[in-house]
Structure formats: structure tokens, C-alpha cells
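[1] What shape does this take:
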Amino acid sequence: MPSIQCDLWRLALRLVRRKQRFSSAQALHEEIRRRRKIGRANPTARLLARHAVSMEPVAGVEVYTVRPRGNDSGRQILYLHGGGYVFDIVSQHWDFIGKLVDALGATVTVPIYPLAPEHTHREVFAGLLPLYDQLVRGNPPVSLTVMGDSAGGGMALALAQVARDTGRALPGRLVLLSPFLDATGSNPAIDVLEPLDPMLSKLGGIECGRVYAGGDPVTLAQVSPIYGSLRGLPPVTLFIGTHDVLLPDCRAYRALAQEQGLPLRYYEYEGMFHVWMLLPMPESNAAFAQIVAAVQADEAPQRPAEARAGQGATAGYQPM
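    Predicted coordinates:
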């Protein structure tokens, strides 16, 4: 049973008509124009007070680094924010990043990557790959976690696939939060979930993928990583809710992981909507504890008997 806080967030999202902004291609572009006028959220005052925050451009991309002022664990996180590839980072992302630094003593690297439709996946990866190379040169790759929410989750998986295919060192693990894995919107089970999801709509998601692809097929693995091979990738931890239109694609990904031998911890939270783990509620606290455990895990993933579910979640492990 979802918490009262979850129900209140769901009500708030419906009252502000959040889902309507993704209801069609036209509605999405109207929202893009509105959000461009607002601009992105900068690191919050709370984050600046608690942690050491710096910014340095890498390959033309502004890259923020958030470090603990003490108790540095040596862990590194490359965090890729969500927003359908078309929207800027928001304050909830910065709050979540601060929690990661607090809980893990980790250094979190946050690229402010270029957005569609003004830019495409080609420009995004032209900036991400030099940054990734810089991170793996400066630290043991096993200490690096690549993490992302929504579109950033899909981008995290695609980045690992590109790293593997180009002979780069792989990160120690991937953590995917409500990841956008298939920009085609072709899974028929999505239509069943449409009325339940208070945030996302299929047509807006398809348009996000189309403009991010920039004329390339949306089935390109760099845009829809579910169409790329999962073999040889590092262990993955994935979180999704049962009231998220992206659930069918995450379930399809779970089946592919089993077929292709990808080690996967899969957490499916009953009644949760898109990227709930970034909002204050008991369910997000439960998921956050599992996220921390995933980052702290050794290179070798847990055996099936050791995998655990959190509050309102079912967990599964796909062995190698």
C-alpha cells in the first residue's frame, strides 16, 4: 500500500496537470519553450553549504563536481540527470546528489549535457565520452558508478555500451532509476499503464526520443539502449514503479538480462510512479537505502539467495 506522502504527491502531480505536458508532441514542445525561459536549476544553497562544489568545462560541457568536505570514501559517481533528453536539471536532482555525497562519502560528477531538440545524441556523447575517459583515467574504474534517472538512466546504460564497444574500461556498476530504455514506445503494455501514471504519457516520450535521435533511427542503441547488446556489461541495479509507463520496457530489459547473462538487481515498487525516489516519502527512503547498498557492493554481485526487496518492492537477481 503506497504511503500517504506518495498519495499526496500523486494528487499534486495531477492538480498541476504534469502529465498533460507529455500528452502530445505539440504539448511537449510548448513545455520545452516554457522551460527554456525558466532555465536550469543551479546547485542549491544547502548543497553549497554542506559540500565542496566546483564547475569546469570538459569538451564544451559544463561539468559540476560535488565532493564531501570530509570522510571521502574514494567512490566516484557519474550522475546523468533525467528530463526526457529535452529538459534541464532541476532542484530535486541536486538534493538527491547531496544525499548521495552524505551517505557514501562519494564524489559525484554531474555533466550539464546539451539538450534536444537543439542538440542530439551525437553532441551529447561527444561531450560525455571525454568526461568518461577523464574519470576512468583518474580513478580505478571499479570505484566508478554510472547512475541516472529517467532519460539519464537510459543514457547511463548507453554510455556503458559505447564504452564496451570502443574498448574503454568499464565502470564498476550501473544504477538505473526509472530508466528510459526504449524511445519507440512500441510495447503494447504501455497503453494499459497510461491512466495510472501521473507524470508521463507515451506520445510525449516518443517525441522526446525522436528529437534526441536527430534524424537517426530511434532504435539506435545510443538512443534506445534496450536494442543494444547487454553482454559484458558491469552489474546493474534497476528501480521502477508499477504505475510508471516505462515499466513494460524495464520488464523486457529484465528478461533480456537473463537471456544475455547480465548480472541484474531489479527492484519493482508497487504503486510507485516515475522517479519517485527523488521525492520525500517513505518509499524513496527505502529505495535510497538500496541505492547506497548497490554503490557500496563489491565488484562481484550478490548471489540469488542474498538479493533482498525493500518496502513495497520485489527484487530479482539475474546471474551471469
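[2] Every contact and neighbour count from this point should use C-alpha atoms.
    Noted.
[3] residues of the longest helix belonging to the chain that come out buried?
    If you go by DSSP state H, the chain has its longest helix at helix 121-138. Buried residues in helix 121-138, defined by neighbour count with 16 or more other C-alpha atoms under 10 Å: 121, 123, 124, 125, 127, 128, 129, 131, 132, 135, 136.
[4] who's in contact with that helix?
    For helix 121-138, contacts defined as C-alpha atoms under 8 Å, 6 or more residues apart in numbering pick out 58-61, 111, 113-115, 144, 159, 168-169, 171, 212-214, 222-223.
[5] now, which of those lie within strands?
    Among the contacts of helix 121-138, the members falling in strands (DSSP state E) are 58, 61, 111, 144.
[6] Buried only: go through those for me.
    Buried members of the ones in strands among the contacts of helix 121-138, counted by 16+ other C-alpha under 10 Å: 58, 61, 111, 144.
[7] Just the pLDDT for the nearest residue to the first one once chain neighbours are set aside.
    If the residues on either side of it in the chain are set aside, residue 58 comes closest to residue 131, at 6.2 Å by C-alpha to C-alpha, 6 or more residues apart in numbering. Per-residue pLDDT puts residue 131 at 98.
[8] before we move on, the earlier item: quick check: PyMOL command selecting the buried ones in the contacts of helix 121-138.
    Here is the PyMOL command that picks out the buried ones among those, judged by 16+ other C-alpha under 10 Å:
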select buried, resi 58+61+111+113+114+115+144+159+169+171+212+213+214+222+223
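[9] which residues does the closest residue to residue 277 other than its chain neighbours contact?
    Leaving aside its chain neighbours, residue 277 sits nearest to residue 284 (4.1 Å; criterion: C-alpha to C-alpha, 6+ apart). In this structure, residue 284 makes contact with 276, 277, 278, judged by C-alpha under 8 Å, 6+ apart.
[10] before we move on, what about residue 245?
    190, 191, 193, 194, 197, 200, 201, 202, 274.
[11] ok, so of those residues, who is nearest residue 99?
    Taking C-alpha to C-alpha as the measure, residue 99 sits nearest to residue 274 out of the contacts of residue 245, at 19.2 Å.
[12] neighbours around the nearest residue to that closest one once chain neighbours are set aside, how many?
    By the measure of C-alpha to C-alpha, 6+ apart, the closest residue to residue 274 outside its immediate chain neighbours is residue 244, 5.2 Å from it. Look at residue 244: counted by other C-alpha atoms under 10 Å, it has 27 neighbours.
[13] Let me see the backbone angles for residue 244.
    Main-chain dihedrals, residue 244, degrees, to the nearest 10: phi -120, psi 130.
[14] where's it relative to residue 191, distance?
    Separation of residue 244 from residue 191 (C-alpha to C-alpha, to the nearest Å) stands at 11 Å.
[15] what do you get for residue 85?
    For residue 85 relative to residue 191 (C-alpha to C-alpha), the value is 22 Å.
[16] neighbour-wise, which of these two wins?
    Each of residue 85 and residue 191 has its neighbours counted (other C-alpha under 10 Å); residue 85 has more, 29 against 15.
[17] quick one: residue 254 and residue 266 touch, right?
    Yes. Applying C-alpha atoms under 8 Å, one finds residue 254 in contact with residue 266, separated by 7.4 Å.
[18] quick one, which of the two is more surrounded?
    residue 266 (24 against 21).
[19] who does the strand or helix carrying that one touch, helix- and strand-wise?
    Assigned by DSSP states H and E, residue 266 falls within strand 264-269. Under the contact definition 3 or more C-alpha pairs under 8 Å, 6 or more residues apart in numbering; DSSP states H and E, strand 264-269 sits against strand 236-241, helix 247-260, strand 313-318.
[20] wait, what's in contact with residue 35?
    residue 87.
[21] For it, what are phi and psi?
    phi -70, psi -30.
[22] for residue 221, same thing?
    Dihedral angles for residue 221 - degrees, to the nearest 10 - are phi -60, psi -30.
[23] My guess is it contacts residue 158. True?
    Yes. Using C-alpha under 8 Å, residue 221 is in contact with residue 158, at 6.6 Å.
[24] And the two? Which one has more around it.
    Under the criterion of other C-alpha under 10 Å, the comparison of residue 221 against residue 158 puts residue 158 first, with 25 against 21.
[25] From what I see, that one and residue 222 are in contact.
    Yes. Under the criterion of C-alpha under 8 Å, residue 158 makes contact with residue 222 at 5.2 Å.
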